[in-house]
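Undergrad: Just need the structure, nothing else, for what follows:
(one chain, ligands or ions: 1)
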Amino acid sequence: MARKFFVGGNWKCNGTSEEVKKIVSTLNQAEVPSEDVVEVVVSPPFVFLPLVKSVLRSDFHVAAQNCWVRKGGAFTGEVSAEMLVNLSIPWVILGHSERRALLNESNDFVGDKVAYALSQGLKVIACVGETLEQRESGSTVAVVAEQTKAIAEKISNWDNVVLAYEPVWAIGTGKVATPAQAQEHISTCFHYVYFTVGRALQNLSIAVVHAELRKWLKDNVSAEVAASTRIIYGGSVNGANCKELAAQPDVDGFLVGGASLKPEFIDIIKSATVKKN
Ligand SMILES: O=C(CO)COP(=O)(O)O
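TA: Residues are numbered from 1 along each chain as shown. Next up is the predicted model:
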């Protein structure tokens, strides 16, 4: 089964209602590949969800950036999965590294959230990714496998899950480990340290981690789930690097932060056609 290219825009904690309307107006006027080619989902902060949903073109969809782990109730400040369903919000991002790091969301907690959101009928963009320290110590694959395992243990159906690989060191930093960039390190840096860093990056280019995640799904869930689940990449994706990244095997789309607030998000959506060629 072909995996449809997926482009998510995570607006994080940004924007005023005026700015949000401007972004939506730019998106609404854009000529992009059809829904058969690319699935586009934008994720504004909670308070702007109804506004964005009401003005956004009908071939693009919306996602919340989080939801409560269980049924709503006496949980001040939280928003429940039922509320999102009530407002016909189809998607939710869960396990983003900013929440894992800043709000101490554990693997277990994220797994519970994913399971509960799915049980209520939401579709989930589940995020995994290693820190720079973990990457440099060689534990990238073990870390993302552990994060994926915590989700896999709690769910039995992956149809409504998109897995987002977002290395923490690549988020908002302009650093992306494409094979070309890693290769550059090796050819230009003869110092042993740089050589080692270059090799590490090359060995763990995005394509390698995506392939490892797919293999993990095959070995631990099923061949069908591995073949059909979209594994998207997030971390400093922009209008300039999206085509090269989209061409990587096992990269089925993107979760875009900073660039999703800018017109270049349209170029990122268009990079879906790279997969068609
Ligand atoms: O965290 C991200 C998307 O969820 C990525 O953020 P940037 O695209 O700003 O690096």
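Undergrad: What residue in this protein comes nearest to the ligand?
TA: Gly257 (2.2 Å; C-beta to the nearest ligand atom). C-betas here are computed from N, CA, C, even on glycine.
Undergrad: how many other residues sit next to that residue?
TA: Using other C-beta atoms under 10 Å, Gly257 is surrounded by 24 other residues.
Undergrad: bridging residues for the closest residue to it other than its chain neighbours?
TA: Closest residue to Gly257 apart from its sequence neighbours, by C-beta to C-beta, 6 or more residues apart in numbering: Asn10 at 5.2 Å. With DSSP bridges as the criterion, Asn10 is bridged to Ser43.
Undergrad: Pull out the buried positions in stretch 23-32.
TA: Using 16 or more other C-beta atoms under 10 Å as the test for burial, stretch 23-32 gives 23-24, 27, 30, 32.
Undergrad: Could you do stretch 143-152 as well?
TA: 143-145, 147-152.
Undergrad: now what about it, what contacts it?
TA: With C-beta atoms under 8 Å, 6 or more residues apart in numbering as the test, stretch 143-152 has contacts from 95, 107-108, 110-111, 114-115, 126, 128-130, 134, 161, 163, 165, 209, 212-213, 216-217, 220-221.
Undergrad: sorry, back to before: residues contacting the residue nearest to Gly257?
TA: Neighbouring residues of Asn10 by C-beta under 8 Å, 6+ apart: 43, 65, 93, 96, 234, 255-257, 260.
Undergrad: Next: Ile268.
TA: Shown in contact with Ile268 (C-beta under 8 Å, 6+ apart): 7, 237-239, 242, 254, 256, 259-260.
Undergrad: Those into TSV, with extra columns for secondary structure, neighbour count and pLDDT?
TA: Output for the contacts of Ile268, formatted as TSV (DSSP: H, G, I helix; E, B strand; the rest coil; neighbours: other C-beta atoms under 10 Å; pLDDT from 0 to 100):
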residue	secondary structure	neighbour count	pLDDT
Val7	strand	27	98
Val237	coil	28	96
Asn238	coil	20	96
Gly239	coil	17	96
Cys242	helix	24	95
Phe254	strand	30	97
Val256	strand	29	98
Ala259	helix	20	98
Ser260	helix	26	98
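Undergrad: which outside residues touch stretch 69-88?
TA: Counting by C-beta under 8 Å, 6+ apart, residues outside stretch 69-88 touching it are 46, 49-50, 53, 64, 66-68, 92, 109, 112-113, 116-117, 119-122.
Undergrad: So for it, what gets flagged as buried?
TA: In stretch 69-88, counting by 16+ other C-beta under 10 Å, buried: 69, 79-85.
Undergrad: Equivalent analysis for stretch 54-70, please.
TA: Result for stretch 54-70 [16+ other C-beta under 10 Å]: buried residues 56, 60-69.
Undergrad: Let's see that stretch as PDB, backbone CA atoms only.
TA: What follows is stretch 54-70, C-alpha atoms only, in PDB (Å, rounded to 0.1, in the frame of the first residue of the first chain):
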ATOM      1  CA  SER A  54     -13.500  27.700  10.100                       C
ATOM      2  CA  VAL A  55     -11.400  29.600   7.500                       C
ATOM      3  CA  LEU A  56      -8.900  26.900   6.300                       C
ATOM      4  CA  ARG A  57      -9.400  25.400   2.800                       C
ATOM      5  CA  SER A  58     -11.200  22.100   2.900                       C
ATOM      6  CA  ASP A  59      -8.400  20.000   1.500                       C
ATOM      7  CA  PHE A  60      -6.100  20.900   4.500                       C
ATOM      8  CA  HIS A  61      -6.800  19.700   8.000                       C
ATOM      9  CA  VAL A  62      -6.100  20.700  11.600                       C
ATOM     10  CA  ALA A  63      -4.300  19.200  14.500                       C
ATOM     11  CA  ALA A  64      -4.100  20.000  18.200                       C
ATOM     12  CA  GLN A  65      -0.600  20.100  19.700                       C
ATOM     13  CA  ASN A  66      -1.500  18.000  22.700                       C
ATOM     14  CA  CYS A  67      -4.400  16.600  24.700                       C
ATOM     15  CA  TRP A  68      -5.000  15.100  28.200                       C
ATOM     16  CA  VAL A  69      -4.000  11.500  28.800                       C
ATOM     17  CA  ARG A  70      -7.500  10.300  29.900                       C
END
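Undergrad: wait, does it make contact with the ligand?
TA: No: remark: stretch 54-70 sits outside contact range of the ligand, by C-beta under 6 Å from any ligand atom, the gap being at least 8.7 Å.
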